[in-house]
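Trainee: Build the 3D model from these lines:
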Amino acid sequence: MEDNLNFQTFLFINSKKLIISVYSDTNKKIFEEVFIVKQNDDNSIFDSLDLFLEKNIFKIEKKLEGFIKKVYVILDTYHFFSIEISLKKNSHGNLFNQKILNYLLYEAKDYCKKTISDRKIIHMVIQNYLINNKVYSFFPKDIAGSNFSLEVKFICLSNNFIKNLEKILKKYHISLGQVVSANYTYRFLEDED
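Mentor: Got it, this is the predicted structure:
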């Protein structure tokens, strides 16, 4: 077997079920397996995940004729924690641009990291842009003003939760690619599938 880079592996985790799905680089489903979780506590979800991977990883790798090196995890759990902050920058009538936006986003992320040292930022969502007290849901181009405000929401997850997840994946020589909040991603989906 060799390291096959022509597929991506996704792992959906919630308190009721686990789903592992593998897609080709052309977005064709190669493999999917569902496991119903019988108990509803944190320890059982990790125990169930370990059992689920033990039963399926080698089966998947045999079908793929390659190793799964990385998995993307979609979590539907109450463990997420949200923080909302607003930042303001005076610009003295200058145009607002990407550089100012990047500066404020970096500053917001820095403030958040200092406040929540035991959690990892999973998503950073810009909720609104305010220029001269006018609200925009998108970044306006070529607008000048005296002040610029940014409303940002951070969706965070406990470092401990992530470490437990990585520990289980490591048993199967799999790295954690990215963690995504299922509730956040549902906003972009048109139907349940």
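Trainee: Skipping adjacent residues, who's closest to residue 8 in space?
Mentor: residue 23 (5.4 Å; CB to CB, 6 or more residues apart in numbering). Backbone N, C-alpha and C define where each C-beta goes, glycine included.
Trainee: wait, doesn't the one you found sit right on residue 60?
Mentor: No - at 11.9 Å, residue 23 does not count as touching residue 60 under the criterion of CB atoms under 8 Å.
Trainee: Same drill for the two, tell me which one is more crowded.
Mentor: Remark: of residue 23 and residue 60, residue 60 carries more neighbours, 21 against 16, as counted by other CB atoms under 10 Å.
Trainee: Quick one: neighbours of the residue nearest to residue 138 when sequence neighbours are not counted, just the number.
Mentor: Distances taken as CB to CB, 6+ apart place residue 129 nearest to residue 138, at 7.3 Å, with adjacent residues excluded. The tally of other residues near residue 129 (other CB under 10 Å) stands at 20.
Trainee: for the one 3 residues further on, same thing?
Mentor: Burial of residue 132, expressed as a neighbour count using other CB under 10 Å, amounts to 13.
Trainee: what's near enough to touch it?
Mentor: Applying CB atoms under 8 Å, 6 or more residues apart in numbering to residue 132 gives the contacts 145, 146, 147.
Trainee: same deal with residue 124?
Mentor: Per CB under 8 Å, 6+ apart, neighbours of residue 124: 105, 108, 109, 152, 153, 154, 155.
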